[in-house]
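[1] Need a 3D model of the following:
(chains A, B and C)
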Amino acid sequence: MARYLLKRLLSAVVTIWVTTIAVVLLIHLVPGDPVKIMFAQSQSTTPEQLETVRHNLGLDRPIYEQYAIYMSRVLHGDFGHTIRGDQPILPLLLGRLPYTLALALSSLLVATVIGLGLGFLAAYKRGTALDSLCMVLAIGGVSVPVFWLGQILILVFAVRLSWFQVAGSDWRSLILPALTLGVTNAAVVARLTRSTMIDIFNQDYIRTAWAKGLPARTVLSRHALRAGLVPIVTILGLQFTYTMGGAVIVENVFSWNGIGRLAVQAIFQRDYPLIQGFILTFACLVALVSLAMDVLYAVLDPRIVHV
Amino acid sequence: MAQVVRTSKSSRTGRIAALVLGVLAGAAVPLAALGARAADGTLVWARDGDSDSLDPQRTTTTLSWEVFAQIYDSLLAFDESGKIGPHLAKSWVVSPDGKEVSLTLNGDITCHDGAPFTAEDVKYTIDRALDAKNPSITKASWGPITSVDVVNPETVSVKFSSPFGAFLSFMTDPMASMLCRGDAKLGDKFGVSAAIGTGPFKLVSWTKGDQIVLERNTAYKNFGLPAQNKSAPHIAKLVVKNITEAQSRLAGLKTGELQVAEPPLAEVTTIKDDKTLTLVTAKNTGQDNFFEFAVHRPPFNDARARKAIAYALDIDGALDIVYGGLVDRERCPVAHPVMGSEQDFCKSVGYDYDPEKAKALLAELGYGPDKPLDVVMLSWTGGDRDKLVQVFQNQLQQVGIHAKIEMMDIGTLNARVTQENEKTTGPGTFDLMGWAWFDPDILYALWHSPGAYKGYSTPELDALLEKSRTSADPTSRLGLVHDIEKILLQEAVMIPVYTPGWNWIYAVRAEVKGFKVGPFKRPMFNDVTF
Amino acid sequence: MSESFPVEELPAALAPLPPAAALRPGPVRRIGSFLLRNPGGVIGATIVLCLVLSAVLAPIIAPYDPLHMGAGRRLTPPSPAHPFGTDEFGRDLLSRVIYGSRLTLQIGLIAVSISLGTGLLVGLVGGYSGGWVERILMRGTDVLFSFTDTLIALAAVAVLGPSLTNAMIAVGIAAIPYYARVTYGVVLVEKSKPYFDAAVAAGAGHLRIIFVHLLPNVIPPLIVVASLGVSAAVLAAAGLSFLGLGAQPPSPEWGAMLASGRDYFTRASWIMTFPGLAIALSVLGFNLLGDALREALDPRQRRR
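    As a prediction, this is how the structure comes out:
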């Protein structure tokens, strides 16, 4: 167990380390002079000022020195300042992160409830019209572009009907974005759950339980559900990563104040220090959650340690 | 998939239950941290972006200075008709040689931190703006100041190395906002999370990207703003929210979460019929949207190519398609109501829609139906400009010019235009740029070498610009400005298109009274009640 | 975006893979007969076929030039002259949607080619070489995978700048791990079989082993991943265009059309509806086709 955890921890650390390398290299992949591109709006930017910026960012040094400088700053919690507005980056990102997390977790909740329910139902009633209906809904949910769905929901439920709010930053304005993201996620969860549960229902011991005449409730909850929960937890763990990705799009559609929206603005503004900080934060978050999921998975199913 | 696992069932259930509770708790924590709904007496104003900084000397974006105007005051202010009048300074004297301006402040002005606002604060502000090591972004607009002296607590004397005609009008600008000395003690927090001024609202907090929360300055005195209310604002709090999606802003207005917001331009006609909302349109914005070219390489180093573009564009037609009456055609390099914006004069020296002449000029340059001219048209996002450039692209296509469109953020555009002016190879580029200023001195900033974007410049133009800058007499200055405009227009260095162009239309809930937009697009909340 | 990707492949990648040699001969014939029995597959194949035809025949079947402003009056609702209505410039929406199918196919093909080509190479080389080459390649794949395709796409666009081509490249790069992992898995399984060591001992060249033994077993699961991957690529690129980071005006790319259509939703809802339906339908088609292919080609499934 300890060896397994250590391996997973090492894996997470390696991922983060590679991210830092990629992040430092990022600026150099930009065609043209990144400093000129970044340091935009001031009409009176003299060449001296550009050189100052270049020096502050360390871009006039060789690459390995840049990496060392960047890493030492990062480890001290200094992610630098944004080019536009000169704001310190780490507090900026950390301030917006709770909004993204709220969106991700609430949509995950929606996806779990709807997805598990639909998938379980479809597996249980496999081969019937209900199964087909559930799967049609699911494949529809997977095919619908999430930004289209979100936009339509805004226009119908907020502008036309005024049922929901979209302009605030509190939980009332979270409902529509969470639903949008959750519904598309639910479709994926439903499909996965269905295939998992079908395999389980086919297991001999389940068939035995049916043959023994146990009531449906018992068979389903005590045997099938228990066996299915472990792979389902895996599915949900993976879903978190996808949700973080989907949150970026949804945040932009709904003007929800998370880091995804900040990232897109940063790209438009060519604010490379902010983009670097965003990538680093995002990757760390995902790595940490994956690590947590791995640990959880090991706790729930100790066999996996020996894979 | 998974087989039966021989661990204890109850402990597994327990763990799974713990997991679910953990997820729920995890979701609850960030939710609890999110802001609560605004209370009464609070006006929520939503815009399509966020301020860059709360430090007036660090940024020039409209979104930023709209907020400066709430937190700070300027020494002078425009009245309703656009004339310069007193504000923090109650009077001023310009020396006969034009090299010294002496300003006398109103008494009994208090900064937000309680300290009195005196001539020392004026000196602090100007010195900071001109600081050699870390100058303000608008350093050139302050003029050639040599020193700022405190004559007495209510009088300050500003000395110049040569007369600078635009100084007084710049003193009305939010970017020349007066800071309080308390800002120096804020260190790194100034402009980021704290700001001290003398304006109608105090800064409470700034959640970057989300909202700026301001509260009423009870000690406020309005000396010169064109508002009826001469003391503290009526509303208790002003929340400036960032909502980039226009439809979301509209939704917020309809549900009542927002009271003032810029609606999607396409929806303006429907809003006119909506009883719950009123439209407030800024007049006299001084916003000029114009085309300019990368003139240091072909094809636009040749004036004929530029003129071909000018002839090829049916500007009135395009404006009608995209804006349908919401904007006006602008023919001059400076926009109404700035001096120099005389439409008849500019029309007489400019170019009108004439596709045949465009084709003839292109033929002269060697382009024709089998050899189209490939160029790149740049512009910045917002204000439905993306639609406008598509219509222009279509029009250029008709005369045989293939224009590829690239849209970007304004800051990126500024950098890109400079880049293109420095490049010696590549397809010709031209851009639809926007500038707002209240004085023809902007022409100096843009076109005097090396130029804001290192673009077009000639010694003749430079000489005229320098003369107009130091000219004190309005009549002769106007003549010089016209001479400058004649060069710019006849050489097709720039092609003015329309005014206003950005953030000029507000949709306001019907129960909100008193919201005004002053000259040069200064939103004012001093009179607002609801 | 990433939600529509073949996640089903991933728990499979964790569990031991089946013997791929269990594939019965004549996969083409099996695919054909299976699709006929599988209505979902038939629908999917039909949709994809329509999409391809629409793309290929666009100049013939589109009633107007998609860029022609003034083909009709601006913002007219669907009518016999303009079955999908016109947009804010008077361009015929049906023609734009039809030409947009070209871009959609381009996006799918280019993005998947990048992912497939690179992923196949990485998985083959990694699985086949063993040793530190294998460790580095597969660890690199894992790291790339953990970034999530959204992040990679955003980073790629940040570096390269917004354009449809860059969006396609970004989406392509982001999906490499899926293809690499599947390939890698198959290669590992084949390596564990007796015939493999025998072939190596008999002196069979590397290329021969790869082409004769490995590739035929890798291709079927990759076909499945690819067909589901096309739908994911289309959604991802449309998302980027919607944000303004992909196709630029006046390109009739469906995601970009959605973005410009939302300003007119209350007055002219058709501008947003039809491109959105087109995206959803195309994605649905590829998803159905991919599902059917998986059932046909993956011997582990015993669905119906």
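
[2] so where's the chain uncertain?
    I'll assume chain A. A:31-34, A:36-47, A:49, A:85-86, A:223, A:225-226, A:230, A:300-307 (pLDDT under 70).

[3] You answered for a different chain; I wanted chain C.
    If you take pLDDT under 70 as the line, chain C has these spans: C:1-27, C:30-36, C:298-304.

[4] Residue numbers of it in contact with chain B?
    Neighbours of chain B within chain C, by Cβ under 8 Å from any Cβ of the partner chain: C:11, C:15, C:67, C:69, C:74, C:88-89, C:162, C:244, C:248-250, C:260, C:262-267. All C-beta spots, glycine's among them, are computed from the backbone N, C-alpha and C.

[5] For A:G237, the count of nearby residues, please.
    Per other Cβ atoms under 10 Å in any protein chain shown, the neighbour tally for A:G237 reads 17.

[6] I should have written B:L168 there, sorry.
    By other Cβ under 10 Å, neighbour count at B:L168 equals 17.

[7] can you check the one 3 residues further on too?
    By the measure other Cβ under 10 Å, the count of residues near B:M171 is 22.

[8] now it: how far from chain A?
    Going from B:M171 to chain A by Cβ to the nearest Cβ, to the nearest Å gives 19 Å.

[9] repeat for B:V156
    From B:V156 over to chain A (counting by Cβ to the nearest Cβ), the distance is 25 Å.

[10] beta partners for whichever residue of the stretch 401-530 of chain B sits closest to chain C?
    Using Cβ to the nearest Cβ, the single residue of the stretch 401-530 of chain B nearest to chain C is B:I405, 5.4 Å away. Beta-bridge pairing of B:I405 under DSSP bridges involves B:M377.

[11] What pLDDT is listed against it?
    Listed pLDDT for B:I405 reads 89.

[12] wait, isn't it in contact with B:V391?
    No: in this structure, B:I405 is not within contact of B:V391 by Cβ atoms under 8 Å, at 10.9 Å.

[13] give me phi/psi at the closest residue to C:V159 other than its chain neighbours?
    Spatial nearest neighbour of C:V159, chain neighbours left out: A:L29 (4.6 Å); criterion: Cβ to Cβ, 6 or more residues apart in numbering or on different chains. Main-chain dihedrals, A:L29, degrees, to the nearest 10: phi -80, psi -10.

[14] Around A:L29, count how many other residues there are.
    Count around A:L29 with other Cβ under 10 Å applied: 13.

[15] Would you check that it makes contact with C:G161?
    No: the pair A:L29 / C:G161 is not scored as a contact, 11.2 Å apart, by Cβ under 8 Å.

[16] which neighbours do those two share?
    Counting by Cβ atoms under 8 Å, 6 or more residues apart in numbering or on different chains, no residue touches both A:L29 and C:G161.

[17] now the helices for the stretch 1-150 of chain A?
    For the stretch 1-150 of chain A, the helices defined by DSSP state H, counting those that start in this stretch cover A:2-29, A:34-38, A:47-56, A:63-75, A:89-124, A:129-143, A:146-153.
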